[in-house]
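J.: Here you go, sequence then predicted model.
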Amino acid sequence: MLISLFIILAVIALFFTDYVSIGRVPHGQTLEKCKASPNYRGKGFVNLEPARIFTDSGKKQSMLSILWNFIFGSKKGLKPVRPLKAEPLDRDALERAVREKQDKAVWLGHSSYLLIVNGKTILVDPVLFRGSPVSFINRPFKGTSIYRPDDFPAIDYLVYTHDHYDHLDYKAARKLKHKVGKVIAPLGVGSHLEYWGYPSSEIEELDWWNEFAQNGDSSLPVRFVCTPAKHFSGRSFRRNKTLWASFILQTGQKCIFIGGDSGYGKHFKEIGERYRIDWAFIENGQYSGRWAEIHTLPEQLGKVMEDLDASNYITVHHSKFALAQHNWDEPLENEKLAAKESGKNLTVMQIGRLEDLQ
């Protein structure tokens, strides 16, 4: 019964899917570059530590039961009763921050945020339209989906941490294309973007611990280091053909950790030991005991803060989508408890509000 229903739902979903939005996995020279990575084994990329996608039962049974619960399970508490308040972007304030080289951040909900550091704009994982390949699944919370590409100034660097739909929005990527100077992404993710019209010359793909600075000059004001994460990738049934990552963003004055999605692992402590991090954006939300090794659990959040040893923390991956069976506002309590337990500074962001990164 469950398998038959899954097949029916899959056929219906495929009918409504914009196939271009699925993207394209690496091929040709890009695939050879991926295969040359020490993090590529057999038919795809692997984590530094073993990490199961599903931790409660066999792979096939888990996927079917998770889809069943996602579609037919109880929705009580998963979404806010009333629309959330998201502030419109203040374009004048954003452009003033760029001109005056103010260090600012604005959170757009879930894992999307805009950084302004040292006069440069860095847009991270912008999901502005949908977080799935079909419009009727994984809709954003009411009040949170108010931002469009025209709201942003020119983007110096567009950063993607991995290719999941709730981080790489096809429509947003396509409509932002004319604003973007350079894309920074893990190995293989550029294949999707090239398929959608981005010139390969504008895409910089990095392996873990590789770095990028414009023109190869590491003394320039903005430098990216691709750092590990404990996760997986894929926009269809083909997993781990592209790499997933976190990033260190270094300027003359600040070091910022762009966390992406990650289960708890030894990489957090290694990153914290290598870099003196001023601000860390870390995952907090969409967790479950059913995928406990590829997302950060609430009881691990304080440990992540301790290991990274950053001066300030902002948590993301919440307040826009319901991808797991926890109350939508539970991460807001988790972050406060984690900050108290770890003794770390926490900034609680309001969606759309421009915050100082002092």
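T.: Sure thing, it's come through.
J.: So which bits of the helix or strand hosting Ile314 are buried?
T.: Following DSSP states H and E, one finds Ile314 within strand 312-316. Applying a neighbour-count criterion of 16 or more other CB atoms under 10 Å, one finds 312-316 buried in strand 312-316. Just so you know, the C-beta spots here come from the backbone N, C-alpha and C atoms, and that holds for glycine as well.
J.: Please work out the average pLDDT along that strand.
T.: The average pLDDT within strand 312-316 is 98.
J.: Could you name the helices and strands sitting against it?
T.: strand 104-107, strand 279-283, helix 330-342, strand 345-346 (3 or more CB pairs under 8 Å, 6 or more residues apart in numbering; DSSP states H and E).
J.: tell me what the longest one is packed against?
T.: In terms of contacts (3+ CB pairs under 8 Å, 6+ apart), helix 330-342 is packed against helix 298-308, strand 312-316, strand 345-346.
J.: quick one: average pLDDT of it?
T.: Rounded mean pLDDT across helix 330-342 is 97.
J.: cool, and stretch 81-97?
T.: 96.
J.: Now do the buried residues in that stretch.
T.: 84, 86, 89, 94, 97.
J.: tell me which of those residues is nearest to Met349?
T.: Closest to Met349 out of the buried residues of stretch 81-97 is Ala86 (11.0 Å), distances taken as CB to CB.
J.: which ones are touching that closest one?
T.: 109, 143-144, 146-147, 351-352 (CB atoms under 8 Å, 6 or more residues apart in numbering).
J.: For His167, see how far away it is.
T.: 19 Å (CB to CB, to the nearest Å).
J.: And Val117, by the same measure?
T.: For Val117, the distance to His167 - CB to CB - is 21 Å.
J.: More neighbours: the two, which one.
T.: Val117 (26 against 23; other CB atoms under 10 Å).
J.: so what's the backbone phi/psi at the more buried one?
T.: Taking degrees, to the nearest 10, you get phi -140, psi 130 for the backbone angles of Val117.
J.: Can you tell me how far it is from Glu202?
T.: 20 Å.
J.: Okay, now the unreliable bits of the stretch 51-200 of the chain?
T.: 57-74 (pLDDT under 70).
J.: how about the residue nearest the centre of the chain, what does it touch?
T.: Computing the C-alpha centroid of the chain and ranking residues by CA atoms, centre = their mean puts Gly260 first, at 4.1 Å. Contacts for Gly260 (CB under 8 Å, 6+ apart) come out as 111, 125, 161-162, 167, 229, 231, 244-247, 283.
J.: quick one, strands of the stretch 1-150 of the chain?
T.: Using DSSP state E, counting those that start in this stretch, the strands assigned to the stretch 1-150 of the chain run over residues 40-41, 44-45, 104-107, 113-117, 120-124.
J.: could you dump these to CSV with distance to Val183?
T.: Listed next are those as CSV, based on distance: least, CB to CB, whole Å:
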stretch, distance to Val183
strand 40-41, 21
strand 44-45, 19
strand 104-107, 20
strand 113-117, 15
strand 120-124, 10
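J.: so Ala229 sits right up against Tyr264, yeah?
T.: No - between Ala229 and Tyr264 there is no contact under CB atoms under 8 Å: 10.9 Å.
J.: what about those two, which has more around it?
T.: Neighbours per residue, other CB under 10 Å: of Ala229 and Tyr264, the larger number sits with Ala229, 28 against 19.
J.: Can you name the residues that contact Gly119?
T.: Contacts of Gly119 (CB under 8 Å, 6+ apart): 98-99, 101, 221.
J.: Give me the buried entries from those residues.
T.: Val98.
J.: For the contacts of Gly119, give me a markdown table that also has distance to Gly23.
T.: Below are the contacts of Gly119 laid out as a markdown table (distance: CB to CB, whole Å):
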| residue | distance to Gly23 |
| --- | --- |
| Val98 | 31 |
| Arg99 | 36 |
| Lys101 | 35 |
| Pro221 | 32 |
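J.: Now the two most distant members of the contacts of Gly119.
T.: Arg99 and Pro221 (14.8 Å).
J.: Tell me which residues touch Ser191, please.
T.: By CB under 8 Å, 6+ apart, the neighbours of Ser191 are 23-27, 30, 242.
J.: name the element it belongs to?
T.: Per DSSP H and E: helix 190-195 holds Ser191.
J.: Can you show me the helices along the stretch 51-200 of the chain?
T.: 59-72, 91-99, 170-176, 190-195 (DSSP state H, counting those that start in this stretch).
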